Every structure is written in structure tokens, then in C-alpha cells.
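[1] What would the 3D arrangement of this be:
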Amino acid sequence: MAQYDSNLDDHSVEAQTQNSVDKLHHAVSQALSHPAEQLIEQAEQSRIHAENAIEQAKDSLGDDAVEVAEEMLGEEVGRLEQAKKTLRS
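    Presented below is the predicted three-dimensional model:
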């Protein structure tokens, strides 16, 4: 069995975290472009997934390693709230 460099594992965790935030960005963009309950729900699920990924990354990498992802998450949560307001109006 091959041994993997733990540094590679760290990059994988970072990449997975970034990927989850990127997917959230895409889901929120879709919800903003086409306000519909289903797209809002999909964006909410992506938000939950991104939050979980960030928490797991914090556990393994520390707070500093996920600071940018947390900032992006905050921006996307704000955009998601805007999509919800658009849907309600």
C-alpha cells in the first residue's frame, strides 16, 4: 500500500473546502438568476455542505487555513439572502 504525504492530504482538504464554496457560489448564482423555490433549496443545501466542509477543515488544518473560504462563505450567505428576498417579492 502506498504511503501518502500528509501535506498532500492537507491540500486535498483545502481543495475540497474550496470546491464546496465554489459549488455554493454557483448554486447561489443560479438562484439569483432564476429565483425559484427549488433553486433556493439547492443553494441552502450547498450552504450547509460548505459550512460543514469549513468546520472539518478547521479541525484538521486550523482556523487560518480556512479564513478565505469563511469570507467567501459569508459573501455567499448574503447573496443567498438576497435571492430569498427576490423570491418573496
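
[2] what's the longest helix in the protein?
    Ranked by residue count under DSSP state H, the longest helix found in the chain is helix 6-33.

[3] after it comes which helix or strand?
    Scanning forward in sequence from helix 6-33 by DSSP states H and E, the next helix or strand is helix 37-61.

[4] same for that following helix, what does it pack against?
    On a contact count with 3 or more Cβ pairs under 8 Å, 6 or more residues apart in numbering; DSSP states H and E, helix 37-61 meets helix 6-33, helix 67-88. Every residue, glycine included, has its C-beta placed from N, CA and C.

[5] what residue is smack in the middle of this protein?
    With distances taken as Cα atoms, centre = their mean, Val21 lies nearest the centre of the chain, 2.6 Å away.

[6] rewinding a little: pull out the buried residues from the longest helix of the chain.
    In terms of neighbour count (16 or more other Cβ atoms under 10 Å), helix 6-33 has its buried residues at 13-14, 17-18, 20-21, 23-25, 27-28, 30-32.

[7] got the angle between that helix and helix 67-88?
    Helix 6-33 and helix 67-88 are oriented at 20 degrees to each other (axes from the mean of the first three to the mean of the last three Cα atoms, to 10 degrees).

[8] How far away from the center of its chain is helix 6-33?
    Helix 6-33 sits 5 Å away from the centroid of its parent chain (Cα atoms, centre = their mean, to the nearest Å).

[9] Same question for stretch 27-42.
    Here stretch 27-42 is found 15 Å from its chain centre; the criterion is Cα atoms, centre = their mean.

[10] Using CSV, write out every CA atom in that stretch.
    Coordinates of each C-alpha in stretch 27-42 appear next as CSV, following Å, rounded to 0.1, in the frame of the first residue of the first chain:
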residue,chain,number,x,y,z
ALA,A,27,-25.9,27.5,-6.7
VAL,A,28,-26.5,31.0,-5.3
SER,A,29,-25.8,32.5,-8.8
GLN,A,30,-28.4,30.1,-10.3
ALA,A,31,-30.9,31.1,-7.5
LEU,A,32,-30.3,34.8,-8.2
SER,A,33,-30.7,34.4,-12.0
HIS,A,34,-33.8,32.3,-11.8
PRO,A,35,-35.5,32.8,-8.4
ALA,A,36,-37.4,29.6,-7.7
GLU,A,37,-38.0,27.6,-4.5
GLN,A,38,-36.1,24.6,-5.8
LEU,A,39,-33.0,26.6,-6.6
ILE,A,40,-33.1,28.3,-3.3
GLU,A,41,-33.4,25.0,-1.5
GLN,A,42,-30.4,23.6,-3.6
